[in-house]
Every structure is written in structure tokens, then in C-alpha cells.
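A.B. asks: sequence isn't available, so here's the structure alone:
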């Protein structure tokens, strides 16, 4: 299957993975193609639920996460770990209609 990936800068690119690919497979392909650290990638599926793709773990099959051929995926990054700090950061992403280009 071929999916469209969009980075926050608005840059779009395509990734080709097998129909039986997992979330980890997709992250590795993105990392290899775009020279990005695959272990820091956060993927959101652009559909009616705006679902975090890897909420079921990296071993989950993409099709089980709702990803199909020509799906549009938004790419975000986990921040680098601050090993000198004991604080834990939690990030919540909320897609608004205006962000997704809907009226």
C-alpha cells in the first residue's frame, strides 16, 4: 500500500509498504526515506477519528489501525529526552477543523 505522509511544514511525501505492514514497518520506512529517527516518530491518521496510529503499539498491523492505500498520515516527533530532569512530559494533540482544512 502507498500512504501520503505530511510533516508539520506542509511537506508531503509518499511511502510504500506491504499490505501486511506494521506500525514499526511504516516508521522504519519513513525514517529511512526521510533520514529521520524512526523511534521518535508519532503518526496520526487523517480520518474522521484523527486517530493516533501507534496507540496499539508498533507491532500493530496498519490495516488494524485503519490505514489503507492512499491514507493521509500526519507526522510529529517526540521531543528528545532530557536525562538531567526528573519531570515527565505528556503531550496531547487535538486536531481542529481549521487545521485539517475543513469548514
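C.D. replies: That came through, no problem. Treat the numbers as computed from the prediction; the structure is a model and nothing was measured.
A.B. asks: mind listing the residues bridging to the residue most central in space within the chain?
C.D. replies: By C-alpha atoms, centre = their mean, the chain has its centre lying nearest to residue 43, at 1.3 Å. Counting by DSSP bridges, residue 43 forms beta bridges with residue 75.
A.B. asks: do I have it right that it meets residue 73?
C.D. replies: Yes - Residue 43 is in contact with residue 73 according to C-beta atoms under 8 Å; the separation is 5.3 Å. No exception for glycine: its C-beta is placed from N, CA and C like everyone else's.
A.B. asks: shared neighbours of those two, anything?
C.D. replies: Residues touching both residue 43 and residue 73 (C-beta atoms under 8 Å, 6 or more residues apart in numbering): 26, 53.
A.B. asks: check which helix or strand residue 59 maps to.
C.D. replies: Residue 59 is part of no helix or strand when elements are defined by DSSP states H and E.
A.B. asks: OK, contacts around it?
C.D. replies: Neighbouring residues of residue 59 by C-beta under 8 Å, 6+ apart: 22-24.
A.B. asks: got a quick PyMOL command for the buried subset of those?
C.D. replies: To isolate the buried members of these in PyMOL, using 16 or more other C-beta atoms under 10 Å:
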select buried, resi 22+23+24
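A.B. asks: okay, the contacts of residue 59 in TSV with secondary structure, pLDDT and distance to residue 4 next?
C.D. replies: As requested, the contacts of residue 59 are exported to TSV (DSSP: H, G, I helix; E, B strand; the rest coil; pLDDT from 0 to 100; distance: C-beta to C-beta, whole Å):
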residue	secondary structure	pLDDT	distance to residue 4
22	strand	96	19
23	helix	95	16
24	helix	96	19
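A.B. asks: from the contacts of residue 59, pick the one nearest residue 13.
C.D. replies: Nearest to residue 13 among those: residue 23, at 17.8 Å, using C-beta to C-beta.
A.B. asks: show the contacting residues for the closest one.
C.D. replies: By C-beta under 8 Å, 6+ apart, the contact list for residue 23 reads 43, 53-54, 56-60, 62, 65.
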